[in-house]
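*Asks:* predicted structure and sequence below. I'll ask about it afterward.
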Amino acid sequence: MIIIGAGPAGLSAAIYGVRKKLKTLVLCQHLGGQAAEAHAVENYPGIPGISGAELSEKITAHAKKLGAEIKEGITIKRIAPTGDIFEIQADKDTFQGRAIILATGKKYRQLEIPGAAEFESKGISYCTTCDAPLFSGKTVAVIGAGDAGQDAAWQLTKYAAKIYLLNKYAELRGAHAQLHEHLSDNEKVEICANSEPVEIKGGKFVKGLVYKCGDDTKEIAVDGIFVEIGAVPASELARDLVKFNKKDEIVIDPKTNMTSRTGIFAAGDVTDTPQKQMIVAAGEGAKAALGAAEYLKSLQNTDQY
């Protein structure tokens, strides 16, 4: 069984795979996936408070201790089915498995305005947890004021001297009313309501942000810009292999997690499972591994294994 992705879904699938005595291989670019970038996780059962990175390390250690093989830094180019065997073509190696679990999660939605591509990693960041300390004493902007954007702004209050929070709505929205109050009361934070970015300016690095506020166009001097405008399923690897819904999520059987192609399973945020939470992804990873184990058992019983 080959699992692609090492977030909560992929690592949970690995744990259940080895417990079912399957030869289990996890392929990923980065351990932990987006979950590893979470500043604080306070809703994972049994662990009242932990960073995403620490939680990912614990689950990874658990999977390795049980015997899962994990290869990091792997970029998958293609999945090629040949009969009941799948060939995984990576940048340097090729792997073969009889069951595949896609646990690739989501990827950040890219900002598409002039200057966004030019200044990526030159003042533009898509990971506040990773890069906030680099902007100590600086002036920054956060684009996107949903739950993720508000969390980013709150993290930045520990480092930045000034934070502009661009909100396309008149008021802050999201699930965390207490965080709304914290941000509104913090003297470092200026909430720009009814605002959307227009252009990013700079030289070698970011120097300014142009944004529209109602009918007015404004420009602010900033040293960094944190983008929090949502995420999309990282499903392109399976585009010609399995069925997608209108959101580009992989459609799965809710009982077995098998996709529309026999032998390929999926779990976590890349699927059409509606709840996008770490604990849900972990449970879905377990379901996918159990489904894959039953599938492999059926091959063994028909002398195809």
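*Replies:* Thanks, I have the structure now.
*Asks:* any idea how far the nearest residue to Lys201 once chain neighbours are set aside lies from Leu156?
*Replies:* Nearest residue to Lys201 in three dimensions, chain neighbours excluded: Gly208, at 4.1 Å (C-beta to C-beta, 6 or more residues apart in numbering). Glycine gets a C-beta too; all of them are placed from N, C-alpha and C. To Leu156, Gly208 is 18 Å away according to C-beta to C-beta, to the nearest Å.
*Asks:* what's the average pLDDT for the longest helix seen in the chain?
*Replies:* Ranked by residue count under DSSP state H, the longest helix found in the chain is helix 278-301. Mean pLDDT, helix 278-301: 95.
*Asks:* any idea which element the residue nearest to Lys201 lies in?
*Replies:* strand 206-213 (DSSP states H and E).
*Asks:* quick one: strands adjacent to the next helix or strand after that strand?
*Replies:* Next along the chain after strand 206-213, taking DSSP H and E as the criterion, comes strand 216-221. According to DSSP bridges, strand 216-221 forms sheet pairs with strand 206-213 (antiparallel).
*Asks:* ok, residues contacting the strand it pairs with?
*Replies:* With C-beta atoms under 8 Å, 6 or more residues apart in numbering as the test, strand 206-213 has contacts from 119, 122-124, 141, 164, 166, 192-202, 217-225.
*Asks:* and for stretch 166-181?
*Replies:* Contacts of stretch 166-181 (C-beta under 8 Å, 6+ apart): 141-147, 149-151, 154, 183-184, 191-197, 211.
*Asks:* now the end-to-end length of that stretch.
*Replies:* Counting by C-alpha to C-alpha, to the nearest Å, you get 16 Å between the two ends of stretch 166-181.
*Asks:* any buried residues in it, and which?
*Replies:* 166-168, 172, 179-180 (16 or more other C-beta atoms under 10 Å).
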